[in-house]
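A.B. asks: Just need the structure, nothing else, for what follows:
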Amino acid sequence: MHFHMPLEFDAVEPALRAAVRKRVGRGHVQVQVFFKRSAGAAAGAVNVNEAFLGAWLHSFRDLAGRFGLESNPDLNQALRLPGMIEARGENAADESLEAEALAAAADAMRNWTNSGA
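C.D. replies: Numbers count the residues shown, from 1 in each chain. The predicted structure is shown next:
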């Protein structure tokens, strides 16, 4: 099984693997997950891991200085790093994400087996 999904789904992967394993006895399975946050979810409060950001900035500047590079850190790139931004109330979101991902996987497998694959 090969999984390709956003980092937000790391905690969900074991449950998805188990669900697929129950339905697929053998062969190669590739699972791709795409999702788009709703406007309400995007408007939720987030925490920036400032210690991580500070360490990243320090390392960036240190390396740029040691290698003689004239470059400025890109905050957009930094904020995309895994773990840099976390949603508040993430445990409840993880449970909801897992339930929705498992429901979508069950639906996809139902459609797959009904298609004669």
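A.B. asks: which other helices and strands contact the helix or strand hosting residue 112?
C.D. replies: Assigned by DSSP states H and E, residue 112 falls within helix 90-114. When contacts are defined as 3 or more Cβ pairs under 8 Å, 6 or more residues apart in numbering; DSSP states H and E, helix 90-114 sits against helix 13-23. For glycine as for every other residue, the C-beta is placed from the backbone atoms N, C-alpha and C.
A.B. asks: which neighbours does the helix or strand that the helix it packs on is followed by have in its sheet, and in what orientation?
C.D. replies: Downstream of helix 13-23, the next assigned helix or strand under DSSP H and E is strand 30-32. Under the criterion DSSP bridges, strand 30-32 sits next to strand 2-4 (parallel) in its sheet.
A.B. asks: List the buried residues of the strand it pairs with.
C.D. replies: For strand 2-4, the neighbour count (16 or more other Cβ atoms under 10 Å) marks residue 3 as buried.
A.B. asks: which residues sit against that strand?
C.D. replies: 9, 13, 16-17, 28-33 (Cβ atoms under 8 Å, 6 or more residues apart in numbering).
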